[in-house]
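Novice: Quick one, structure for this:
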Amino acid sequence: MDFRQIEAFVNVVKHRSFSKAADATYLTQPTISAHIQTLEKELQMQLIDRSRKEALPTAEGRLFYDYALTMLNTREQAVYSLQNFCLNINGVVEIQASSIPGEYLVPDLMAAFKREYPAVRFYMEQSDSQSAAEHLLARRGELGFIGMKREDGLIYEPLMKDKAVLIAPDNEKFRKKQGKALPLVEFAREPFLLREEGSATRKTFEAKLEERGIPSGALTVVAKMNSMEAIKRAVAGGIGVSIISELAAERQRKDRGYLIFDLADYDSDREFYLVSNRNITMSPTAETFKLFVLDQFGSSSEKK
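Specialist: So this is what the prediction gives:
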């Protein structure tokens with residue numbers, strides 16, 4: 001048994017795919033398969049169930065996974081403790097991110113960190129806030145950037161506040177309203193574009209509607225999308241209006257193609273969080289990136 005085999009196994013379990021594990025480790029799929037086959041032969045047991053669409057661990061594989069992950073991270077901790085850490089930091093930081101921070105926050109943080117540590121690589125998986133948190137609980141990634149806080153045992157560390165805004169087509173009807181903060185009832189009858197079910201922005205919006213006696217089912221929903229850029233382009237094209245993050249709305253862009261309105265009766269400030277799993281030993285590279293991010297935002301740990 002060697003660490004290349006263990007690393008291959010851990011990545012297949014994390015990503016539920018031989019091909020994605022190969023991408024994450026910059027190896028070929030046949031190499032990943034060969035490592036796992038050799039490991040299974042040595043242990044004399046099957047670790048990965050290959051009969052399904054996804055590559056899932058067998059019962060034996062689930063038992064071995066926690067030990068394998070601990071071995072890899074302990075090895076890396078030991079290596080870095082014997083080296084000049086700051087000069088030699090490298091490896092892959094695996095990130096789970098919800099749509100908005102993944103699109104508009106994390107890339108700049110990656111670039112800034114890589115300027116200090118050029119050998120570091122990143123692997124980021126984007127989904128909605130709920131899925132990103134669940135992936136971290138399942139140990140698919142060491143760090144997350146999420147737009148809501150759950151009671152799930154993860155560590156949530158606040159980074160920055162954000163609020164919701166209304167974006168609308170740049171047409172005569174909405175130009176007359178420019179400079180105003182619009183109440184919910186004024187645009188609730190407009191054709192609407194909504195985010196996916198697990199979106200924190202959507203959950204907050206639907207809760208605000210219910211508070212004002214407007215059932216979410218009463219909206220005229222013309223499209224549901226999980227891409228923020230697709231929503232913005234659709235609104236610019238005149239399909240309807242949408243509630244999105246101010247960070248994603250990009251107020252300073254003059255060529256955005258849509259209008260942005262504050263909401264008069266919509267107390268919607270929320271946090272973006274840096275999230276980690278208290279039950280795993282984080283790799284030194286991920287730990288350094290975490291400290292770097294918290295330093296960028298002047299954040300303090302909020303463990304819950």
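
Novice: Which stretches in the stretch 1-150 of the chain count as strands?
Specialist: Counting by DSSP state E, counting those that start in this stretch, one finds strands in the stretch 1-150 of the chain at the ranges 48-49, 56-57, 91-98, 120-127, 143-146.

Novice: just the ones you listed: most buried one?
Specialist: strand 143-146 (a mean of 26; mean count of other Cβ atoms under 10 Å). All C-beta atoms are positioned from the backbone trio N, CA, C, and that covers glycine.

Novice: next one: that one to chain centre, how far?
Specialist: 5 Å (Cα atoms, centre = their mean, to the nearest Å).

Novice: hey, C-alpha coordinates of it in PDB?
Specialist: In PDB, the C-alpha atoms belonging to strand 143-146 read as follows (Å, rounded to 0.1, in the frame of the first residue of the first chain):
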ATOM      1  CA  LEU A 143     -13.500  24.400   2.600                       C
ATOM      2  CA  GLY A 144     -16.800  25.900   1.500                       C
ATOM      3  CA  PHE A 145     -18.100  29.400   0.600                       C
ATOM      4  CA  ILE A 146     -21.800  29.500   1.400                       C
END
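
Novice: Quick one: mean pLDDT over that strand.
Specialist: Averaged across strand 143-146, pLDDT comes to 96.

Novice: counting contacts, what elements does that strand pack onto?
Specialist: strand 91-98, helix 99-104, helix 129-137, strand 270-276, helix 284-297 (3 or more Cβ pairs under 8 Å, 6 or more residues apart in numbering; DSSP states H and E).

Novice: which residues are in contact with the shortest one?
Specialist: Right, helix 99-104. By Cβ atoms under 8 Å, 6 or more residues apart in numbering, the residues outside helix 99-104 that reach it are 124, 126-128, 145-147, 162, 195, 199, 201, 226-229, 245, 247-248, 272.

Novice: hmm, which of those residues are the buried ones?
Specialist: Using 16 or more other Cβ atoms under 10 Å as the burial test, the contacts of helix 99-104 include 124, 126-128, 145-147, 162, 195, 199, 201, 228, 245, 247-248, 272 as buried.

Novice: what number of residues lie near Thr25?
Specialist: Residues lying near Thr25 (other Cβ atoms under 10 Å) number 21.

Novice: Give me the distance between it and Asp66.
Specialist: 20 Å (Cβ to Cβ, to the nearest Å).

Novice: With Tyr273 instead?
Specialist: Tyr273 is 25 Å from Asp66, by Cβ to Cβ.

Novice: could the helices and strands packed on strand 143-146 be laid out in a markdown table, adding distance to Pro183 and mean pLDDT?
Specialist: Listed next are the helices and strands packed on strand 143-146 as a markdown table, based on distance: least, Cβ to Cβ, whole Å; pLDDT from 0 to 100:
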| stretch | distance to Pro183 | mean pLDDT |
| --- | --- | --- |
| strand 91-98 | 28 | 93 |
| helix 99-104 | 24 | 90 |
| helix 129-137 | 26 | 92 |
| strand 270-276 | 20 | 93 |
| helix 284-297 | 32 | 93 |
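
Novice: residues contacting the closest residue to Pro57 other than its chain neighbours?
Specialist: Closest residue in space to Pro57, ignoring its immediate chain neighbours: Val13 at 5.1 Å, by Cβ to Cβ, 6 or more residues apart in numbering. Shown in contact with Val13 (Cβ under 8 Å, 6+ apart): 48, 55-57, 61, 65.

Novice: need those in a markdown table with distance to Phe113 and pLDDT, can you?
Specialist: Formatted as a markdown table, the contacts of Val13 follow (distance: Cβ to Cβ, whole Å; pLDDT from 0 to 100):
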| residue | distance to Phe113 | pLDDT |
| --- | --- | --- |
| Ile48 | 32 | 93 |
| Ala55 | 30 | 92 |
| Leu56 | 32 | 92 |
| Pro57 | 31 | 91 |
| Gly61 | 33 | 90 |
| Tyr65 | 28 | 92 |
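
Novice: Between which two of the residues you listed is the distance greatest?
Specialist: Largest separation among the contacts of Val13 by Cβ to Cβ: Ala55 and Tyr65, giving 12.5 Å.

Novice: can I assume Leu69 is in contact with Met282?
Specialist: No. Applying Cβ atoms under 8 Å as the test, Leu69 and Met282 come out as separate, 10.5 Å apart.
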